[in-house]
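Enquirer: take this sequence and fold it.
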Amino acid sequence: MSLRSVVFGSALVVAAAVVAALLAGPRFAASATEPAQGLPRTISVNGTGEVKSKPDMAVINSGVVSEAPTARDALAKNNAAMAAVIDALKKAGIAELDIQTSNFSVSPQYPPSRPNQHEAPHIAGYQVSNQVTVRVKNLAKLGAILDTLVQVGANQINGISFDIDQPKPLQNEARKLAVADARAKADLYAAAAHVSLGRVLQISESGGFAAPRQAWGLADRMASAEVPIAAGQETLSANVSIVYEIQ
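Expert: As a prediction, the model looks like this:
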C-alpha cells in the first residue's frame, strides 16, 4: 500500500468521527432540557389579615425595693412589704396562679464618690428588690388594683401591657382574611397576564402576632384616687405566602 493511500484513508476516518460527533451533540442538548420544560408555571403571592379587638386583660410588673445598713435587715423589710403586696392582690381578686415572681436581687450600695477621694470604696448598705408579674383579667378593677399596690407599699411599677386572654379564635379569623387577601392578589395578576389559576401548590405562614402595648410611667401619675386607665384596642395579624399553579 502506498503512502498516499494511507493518508487518504486516515483522513476519511477523521472526517467520519467529526460528522458522528456533530450528529450526537444536538441529541444530548435536547435531552438535558426536557426536565426544565416539565416544571409547572406558578404565581406566588403574599396575603395579610388583621383583626382588631378590645383587650380583656392586663399584665403589671410591680414590686418593692428596700434598703438597710445590713443585707439581713434589708431582706426583712422587703419580705414584710412584699407579703403585704401579695396579700392585697389576692384580696383584690387576683388568683394565686396569676401572681409570679419575676425578679429578686440583693446588691450592695456604695456612697457617692467625692473629688480627690483616695480611700477605697466601702459598702454603705444593701438593697433588696423583689418584683412580681401580675395578670389582671378583670380590666374594670385595674385602676383600683394599681392604687392598692401603691398604698400597701409597692414602690416600683415598671409599666402595664394590655393583651387578649384567649387570642386563638381572633388569630384564626386573621388567617382566613390573609388567605382571602392572597387569593384576591393572585386573581388580579392572573387576569392581567391573561392566564387562569390552578390548584394551590404551597401555603406558608409567617410573622402573625398581637404585640402587647405598653403604658409606661404610671408611678409618676398615681395619686390617692383610682388610677384612670385607657385600654384602647389590640391588633392581631396573620401573614401567608401562597403558590398557585397557572393553568
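
Enquirer: select the helix or strand of the chain having the lowest average pLDDT value.
Expert: Least confident helix or strand, the chain: helix 218-221 with a mean of 40, by mean pLDDT, DSSP states H and E.

Enquirer: where does the chain have low pLDDT?
Expert: 1-38, 117-118, 208-226 (pLDDT under 70).

Enquirer: show me the domain layout of it.
Expert: Split into domains by automatic domain parsing, the chain comes to 39-55+165-222+231-247, 57-110+124-163.

Enquirer: so of those domains, which one's packed in deepest?
Expert: Among the domains of the chain, domain 57-110+124-163 has the highest mean neighbour count (mean count of other C-beta atoms under 10 Å), at a mean of 17. No exception for glycine: its C-beta is placed from N, CA and C like everyone else's.

Enquirer: helix or strand for Ala238, which one?
Expert: strand 234-246 (DSSP states H and E).

Enquirer: please apply the same query to Ala144.
Expert: According to DSSP H and E, Ala144 maps onto helix 142-152.

Enquirer: repeat that for Ala83.
Expert: Assigned by DSSP H and E, Ala83 falls within helix 71-91.

Enquirer: just the CA trace of the helix or strand just after that helix, in PDB.
Expert: Once helix 71-91 ends, the next helix or strand along the chain (criterion: DSSP H and E) is strand 99-109. Only the C-alpha atoms of strand 99-109 are listed here, as PDB (Å, rounded to 0.1, in the frame of the first residue of the first chain):
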ATOM      1  CA  ILE A  99     -49.000  36.200  90.600                       C
ATOM      2  CA  GLN A 100     -45.500  35.200  89.700                       C
ATOM      3  CA  THR A 101     -42.100  36.300  91.000                       C
ATOM      4  CA  SER A 102     -40.200  37.700  88.000                       C
ATOM      5  CA  ASN A 103     -37.000  39.100  89.700                       C
ATOM      6  CA  PHE A 104     -35.300  39.000  93.000                       C
ATOM      7  CA  SER A 105     -31.900  40.600  93.800                       C
ATOM      8  CA  VAL A 106     -29.700  41.600  96.700                       C
ATOM      9  CA  SER A 107     -27.000  44.200  96.000                       C
ATOM     10  CA  PRO A 108     -24.500  46.300  98.000                       C
ATOM     11  CA  GLN A 109     -24.800  50.100  98.000                       C
END
